[in-house]
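Peer 1: this is a predicted model, with the sequence first.
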Amino acid sequence: MFSNKARIFVLTVFAGMMVFFVYKQVVELAAACLLLVVLVIVEYFKQGTLVLAAKHYHDKDYAGAEALLKQIKKPEWLMDKRRGIYEYMLGNINLYKQDYEEAALHYDLASKFPLRSVNDHVAALVHAANINIRLGRYEKAEAYLADAEKHEEKTTAKMKAVIEKVKQELKKH
């Protein structure tokens, strides 16, 4: 829930407090500070700056969201559910920037991780299919649509309509 700069500041404050408490021989408070330092570090590797990036993303500040997402140095260390959201947001941001190759890559990765709902998972698959149609990769688009149709009973009517439109587009080719 912190940016990297805020996280470093918090770690510095807790480390300073820990040193002070060790100097004053208050072992319990020093241990508590050490625990808080460890929690902030673990939270960085498991959550990253994803919460702040999601706030920027939902406010349509894609540049801010992308900057926060790029602060995550090792996205493969994120929790699986967080990794799916990370890839999905980057896919949408790259789609917004019309970088279709990069968007297809991120949607493909997002479809391999759990997302908030089945509908979001299907949306990632449909986006990947649509982009692959644009790029002329029709076999991959068919595979993504087939995966999306496996979840048909849990998708919304709006998403079913989008799947049908993408199917019609694929039939043209």
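Peer 2: Done, it's in. All of these numbers come straight from a predicted model, not from anything done at the bench. Numbering: from 1, shown residues only.
Peer 1: okay, domains of the chain per the record?
Peer 2: Segmentation of the chain into domains, based on automatic domain parsing, reads 1-47, 48-171.
Peer 1: where do the helices sit along the chain?
Peer 2: Here the chain has its helices, by DSSP state H, at 4-23, 27-47, 50-58, 62-70, 80-96, 100-110, 118-134, 138-149, 157-171.
Peer 1: tell me which residue is most central in the chain.
Peer 2: In the chain, the residue lying closest to the centroid (Cα atoms, centre = their mean) is residue 86, at 1.0 Å.
Peer 1: ok, that residue - contacts?
Peer 2: By Cβ atoms under 8 Å, 6 or more residues apart in numbering, the residues touching residue 86 are 48, 50, 69, 72, 75, 78. C-beta here means a position set from N, CA and C on the backbone, and glycine is covered the same way.
Peer 1: and which of the residues you listed is nearest to residue 19?
Peer 2: Nearest to residue 19 among the contacts of residue 86, counting by Cβ to Cβ, is residue 48 at 27.3 Å.
Peer 1: the closest residue to residue 57 other than its chain neighbours: neighbouring residues, count only.
Peer 2: For residue 57, ignoring the flanking residues on the chain, the nearest one in space by Cβ to Cβ, 6 or more residues apart in numbering is residue 65 at 4.0 Å. For residue 65, the neighbour count with other Cβ atoms under 10 Å is 24.
Peer 1: hang on, the earlier thing: a markdown table for the domains of the chain, including mean pLDDT?
Peer 2: Listed next are the domains of the chain as a markdown table, based on pLDDT from 0 to 100:
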| stretch | mean pLDDT |
| --- | --- |
| domain 1-47 | 93 |
| domain 48-171 | 91 |
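Peer 1: of those, flag the one that's most buried.
Peer 2: Mean neighbour count (mean count of other Cβ atoms under 10 Å) peaks for domain 48-171 among these, with a mean of 18.
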